[in-house]
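> Make a model of this:
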Amino acid sequence: MKKFILTVSAGMFLSFGISAGASAATYSVRSGDSLWKIGQKHNVTVSQLKSWNSLKSDLIRVNQKLTISPASAKASVKPASAKPGSSYTIKSGDTLSRIAKTYKTSVSQLKKWNGLKSDTIYVNQKLIVSASASKPAVKPASVKPVAVKSGSSYSVKSGDTLSRIAKAYKTSVSQLKKWNGLKSDTIYVNQMLIVSASDSKPAVKPAASKPAAKPAAKQSYKTMTVTATAYTASCKGCSGITATGINLKKNPNAKVISVDPKQIPLGSKVYVPGYGTAIAGDTGGAIKNGKIDIFLSSRSAALKWGVKKVTIKVYN
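Below you'll find the predicted structure:
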């Protein structure tokens with residue numbers, strides 16, 4: 001999603017999302033187009049468009065001629081049709097709309113089968129892509145404990161939601177969020193959640209009989225010190241659609257950051273101090289060389305964030 005930079009006092013600045021839009025072997029850029037939308041319309045990737053047209057950034061101009069299917073470029077190879085019960089592992093650059101198109105289904109069906117509340121997806125996340133495979137995910141047997149002990153915990157599985165877990169453990173979503181320090185309803189596969197009121201360390205699952213369970217393996221990550229600015233999708237003319245297809249206007253509480261894909265792959269999970277865990281789901285012409293841009297739902301919040309030097313964690 002392209003952005004303009006708004007200068008404010010004391011050297012602080014704010015970038016705002018601008019509309020992304022698009023539509024033919026040579027294509028003439030129209031007002032509101034973006035490389036992502038042009039790629040979506042013609043079934044090619046942003047990286048292919050940039051390679052075929054020798055573009056160094058995502059910036060394009062109205063009336064600019066773009067090559068969208070050079071004679072030397074082979075047609076994209078699509079995966080075979082999904083068999084009943086099949087699943088798909090998310091790769092960098094994937095969106096729900098692209099996956100739905102590949103497997104001849106709809107975004108709403110994918111969200112229903114996988115218990116998704118928004119369009120946000122993560123690299124290496126497994127998605128159910130056919131109706132028969134979704135049956136086990138409706139009511140996972142593992143979410144129905146025999147008894148909950150003080151301080152017990154639960155490991156999140158594919159298809160889980162906070163409301164489903166809360167119902168299984170006879171508690172509320174707000175209590176689960178409070179016990180686990182969650183700021184939103186977003187949870188991740190293999191994430192450990194405390195599911196009882198005790199402040200003690202999570203107990204070993206009732207099914208495990210080992211006297212001293214080893215702690216779960218920590219996720220590997222790399223750290224980077226970057227300059228972090230903020231942007232919002234509420235400006236005039238902004239579409240709110242990110243480079244990976246996330247609709248920020250429909251998901252104002254989404255934790256999304258704009259990154260330089262050469263430094264941080266799109267779809268990566270990134271922890272930003274003072275902001276939380278987010279998805280690298282957007283790009284911008286000015287976002288490169290150690291810069292990131294965090295999404296905030298209001299202009300006042302974005303101005304309050306300003307410009308910060310932070311050390312982030314990029315999870316593998």
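> What's the per-residue pLDDT of residue 292 here?
With respect to pLDDT, residue 292 scores 94.
> Quick one: list the elements packing against whichever helix or strand it is part of.
In the assignment (DSSP states H and E), residue 292 maps to strand 291-295. Helices and strands touching strand 291-295, by 3 or more Cβ pairs under 8 Å, 6 or more residues apart in numbering; DSSP states H and E, are strand 221-232, strand 256-258, strand 269-272, strand 276-282. Heads up, the C-betas are built off the backbone N, CA and C, glycines and all.
> any weak-confidence spans in the stretch 101-250 of the chain?
Counting by pLDDT under 70, the stretch 101-250 of the chain contains low-confidence residues at 132-151, 198-217.
> about what we covered before: tell me the angle the strand holding residue 292 makes with strand 221-232.
60 degrees (axes from the mean of the first three to the mean of the last three Cα atoms, to 10 degrees).
> At which residues are the helices of the stretch 151-300 of the chain located?
Ranges of helices in the stretch 151-300 of the chain, per DSSP state H, counting those that start in this stretch, are 162-168, 173-180, 299-305.
> would JSON lines of the ones you listed with distance to residue 260 and mean neighbour count be doable?
Shown next, in JSON lines, are those (distance: least, Cβ to Cβ, whole Å; neighbours: other Cβ atoms under 10 Å):
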{"stretch": "helix 162-168", "distance to residue 260": "33", "mean neighbour count": "18"}
{"stretch": "helix 173-180", "distance to residue 260": "31", "mean neighbour count": "16"}
{"stretch": "helix 299-305", "distance to residue 260": "19", "mean neighbour count": "15"}
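> and those as a markdown table, adding distance to residue 129?
Below are the helices of the stretch 151-300 of the chain laid out as a markdown table (distance: least, Cβ to Cβ, whole Å):
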| stretch | distance to residue 129 |
| --- | --- |
| helix 162-168 | 20 |
| helix 173-180 | 27 |
| helix 299-305 | 36 |
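> Go through the helices and strands packed on strand 291-295 and pick out the most buried.
strand 256-258 (a mean of 25; mean count of other Cβ atoms under 10 Å).
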